[in-house]
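S.K.: What follows is a protein structure lacking sequence information:
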């Protein structure tokens, strides 16, 4: 007897898949013409093999049959497939590159720039997040996600806890999942169809929970696949604060798809929504997204027809239909070097039935135009800017302007990507690390404060480079005006301009000093300069006092004792008496350290 929980779950999944069905036709065309080995529409496995029941058992797919169908018969020209790969690689390198930082943690009120312990804690948490993502398979799965997103417009990255690597990811292909959104338009309900072997089901959920047909399969064919449905949605009734996964914000229900089971395989929960649902572009209240693949699909179909016609024309030129005399019937050999015997005087000969002279060059030029349109539709001209341009005399300013112009086309996509994918990714990864005890303890300065994420990837910075350029240009113009009117420099807060440029350029916070640190540094510099000035003043005053004392001693002992006499210890010879400024007479001494008339140096005595 089927439980009520299982019936409710089946009804919810059936409703989600009925709502998804209008999109499946477009997804099938994209899977056929752009990504032949992607997409799992209703009732088909990821390689396109219909799921079938075996002997009344659960829906299963034989591994031997799954490996025989590789699909792709409609693709003659693979330009679109290669263009999708380039776009996916460019998105990963520009948004979530494993080789450079692409996010930075801040405090919502900006207090991290003023608090040393807070900044150090944010840096430590940031490094732990980078470490956890690099240790998992995130960067491998994210490339698959970007490929699905560029082609189908909707992509789903499932994140779960891993006992060995803390977290792991699974990129779902289009058609495996069905979505529903909340009142704000965010995806909060996902139904996923997946294939697991009977042995995997028994290991994860226990043999007792399997249906009777799956238990029989476990004994006879343990590696045969069974279709399983996993439903994640907000929990309608829960008691916050209670332990256990049955009171978590999101409920997790797993059951076999065939309907033979009487109850759920598993019921659990999640603290954060585990599905990272990304959409390229959304129209109105649509649940699923639209993509560049949908935009260029008519060009892709036309390209396949043109390539097929071009090949047909080439074949007719190389191997045209032949007009053969009846005498050659059943004995004509057209292979290279073959010998065909002809009767003497036979007038008829083998010749083409009709001659065609197709303009292959014109057809090739038209095909190249369509290929270029397909590549531009997938933004290849942005990510391969130098490869696509054959000119060698491109200036740096021209490259910057062209790149800025092209990045405007990706602006809305980048903003949506950060909101729908990266924000939930970092929130869930932070929660997993916190519950695992892999984060440092919070400092007291952060009590009651909220964190925010600032994205510093290559594409995110490129979107903000216009603001940086305007700051630099304004500062340069005002500096030029200051040659005529120096007072205009007071209109610019150069320190704030430095902070803005550092923020736009993604400079690490520990490189730029905070305002408080700058004030302390300047106060220390002023105090040091004042101390040095006081030391210099004291030294000058001491030197002047010593000089005055020396001058006083030499003036008393070096004066002349009479006309034509010689001083006792002064310089030999006569010294003239001359009035001083006060009207008194004083002897004129020899300068300190300079030789007197007899060549003897005068000593200064303290």
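M.R.: Done, it's in. Given the structure is predicted, the values throughout are model-derived calculations rather than measurements.

S.K.: Which other helices and strands does the longest helix seen in the chain contact?
M.R.: Longest helix in the chain, counting residues (DSSP state H): helix 515-557. Using 3 or more Cβ pairs under 8 Å, 6 or more residues apart in numbering; DSSP states H and E as the contact definition, helix 515-557 packs against no other helix or strand. C-beta: built from backbone N, CA, C; applies to glycine.

S.K.: what mean pLDDT would you report for it?
M.R.: Across helix 515-557, the average pLDDT comes to 80.

S.K.: excluding its backbone neighbours, what's nearest the spatially most central residue of the chain?
M.R.: Closest residue to the average C-alpha location of the chain: residue 95 at 1.7 Å, with Cα atoms, centre = their mean. Distances taken as Cβ to Cβ, 6 or more residues apart in numbering place residue 457 nearest to residue 95, at 5.0 Å, with adjacent residues excluded.

S.K.: ok, which stretches of the stretch 251-400 of the chain are helices?
M.R.: 292-318, 360-377, 380-383, 385-388, 396-417 (DSSP state H, counting those that start in this stretch).

S.K.: Just name the most buried of those helices.
M.R.: helix 380-383 (a mean of 20; mean count of other Cβ atoms under 10 Å).

S.K.: tell me what that one is packed against?
M.R.: Applying 3+ Cβ pairs under 8 Å, 6+ apart, one finds that helix 380-383 contacts helix 79-95, helix 396-417.

S.K.: average pLDDT for that helix?
M.R.: pLDDT averaged over helix 380-383 gives 84.

S.K.: what's the spacing between that helix and its chain's center?
M.R.: Chain-centre distance of helix 380-383: 16 Å, with Cα atoms, centre = their mean, to the nearest Å.

S.K.: Kindly report the same for stretch 16-33.
M.R.: With Cα atoms, centre = their mean, you get 29 Å for stretch 16-33.

S.K.: And for stretch 120-138?
M.R.: Chain-centre distance of stretch 120-138: 15 Å, with Cα atoms, centre = their mean.

S.K.: Just the residues contacting that stretch, thanks.
M.R.: Around stretch 120-138, the neighbours that count as contacts under Cβ atoms under 8 Å, 6 or more residues apart in numbering are 96, 98, 101, 103-107, 112, 139, 162, 165-169, 426, 429-430, 432-433, 438-440, 442-443, 446, 451, 509-510.

S.K.: Please repeat the previous calculation with a cut-off of 6 Å.
M.R.: 105, 112, 165-169, 429, 433, 439-440, 443 (Cβ atoms under 6 Å, 6 or more residues apart in numbering).

S.K.: Which positions within that stretch qualify as buried?
M.R.: 121-123, 125-126, 128-129, 132-133, 136-138 (16 or more other Cβ atoms under 10 Å).

S.K.: what about residue 183, how many neighbours?
M.R.: 6 (other Cβ atoms under 10 Å).

S.K.: Correct me if wrong, but it is in a strand.
M.R.: No - counting by DSSP: H, G, I helix; E, B strand; the rest coil, residue 183 is not part of a strand but coil.

S.K.: before we move on, back to that, which of the helices and strands packed on helix 380-383 comes out lowest on mean pLDDT?
M.R.: Mean pLDDT is lowest for helix 396-417 out of the helices and strands packed on helix 380-383, coming in at a mean of 71.

S.K.: Skip ahead from that one and say which helix or strand is next.
M.R.: Sequence-wise, the next helix or strand downstream of helix 396-417 (DSSP states H and E) is helix 423-435.

S.K.: Give me the distance from that following helix to the chain's centre.
M.R.: 17 Å.

S.K.: Buried residues in the very next helix or strand once past it, which are they?
M.R.: Sequence-wise, the next helix or strand downstream of helix 423-435 (DSSP H and E) is strand 451-455. By neighbour count with 16+ other Cβ under 10 Å, strand 451-455 contains the buried residues 453, 455.

S.K.: Likewise for stretch 161-179?
M.R.: 166-179.

S.K.: What lies in contact with it?
M.R.: With Cβ under 6 Å, 6+ apart, stretch 161-179 has contacts from 16-17, 20, 27, 38-41, 46, 132, 135-138, 141, 144-145, 148, 152, 156-159, 187, 190-193, 287, 432, 436.

S.K.: Sitting in strands, which of those residues do you find?
M.R.: 156-159, 187, 190-193 (DSSP state E).

S.K.: okay, those residues in a markdown table with neighbour count next?
M.R.: Converted to a markdown table, these look like this (neighbours: other Cβ atoms under 10 Å):
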| residue | neighbour count |
| --- | --- |
| 156 | 23 |
| 157 | 23 |
| 158 | 21 |
| 159 | 23 |
| 187 | 22 |
| 190 | 23 |
| 191 | 23 |
| 192 | 19 |
| 193 | 22 |
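
S.K.: Could you work out the most separated pair of these?
M.R.: Greatest spatial distance among those (Cβ to Cβ): 159 and 193, at 18.4 Å.

S.K.: hang on, the earlier thing: with distance to residue 292 as added columns, please give the contacts of stretch 120-138 in CSV.
M.R.: Listed next are the contacts of stretch 120-138 as CSV, based on distance: Cβ to Cβ, whole Å:
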residue, distance to residue 292
105, 32
112, 38
165, 33
166, 34
167, 30
168, 29
169, 24
429, 28
433, 35
439, 38
440, 42
443, 45
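
S.K.: between the residues you listed, which is nearest residue 352?
M.R.: For those, the nearest to residue 352 is residue 169 (59.5 Å; Cβ to Cβ).

S.K.: Just to be sure, that closest one is in a strand?
M.R.: Yes - assessed with three-state DSSP, residue 169 lies in a strand.

S.K.: If we ignore the residues flanking it in sequence, what's nearest it?
M.R.: Nearest non-adjacent residue to residue 169, counting by Cβ to Cβ, 6+ apart: residue 141, 4.0 Å away.

S.K.: If I look at the residue nearest to residue 182 when sequence neighbours are not counted, what pLDDT would I see?
M.R.: Residue nearest to residue 182 in three dimensions, not counting chain neighbours: residue 188, with 4.6 Å by Cβ to Cβ, 6+ apart. Looking at residue 188, its pLDDT is 95.

S.K.: With residue 106 as the reference, measure out to residue 188.
M.R.: The gap separating residue 188 from residue 106 is 27 Å, by Cβ to Cβ, to the nearest Å.

S.K.: Residue 244 too?
M.R.: 34 Å.

S.K.: same deal with residue 492?
M.R.: 25 Å.

S.K.: Sounds good, over and out.
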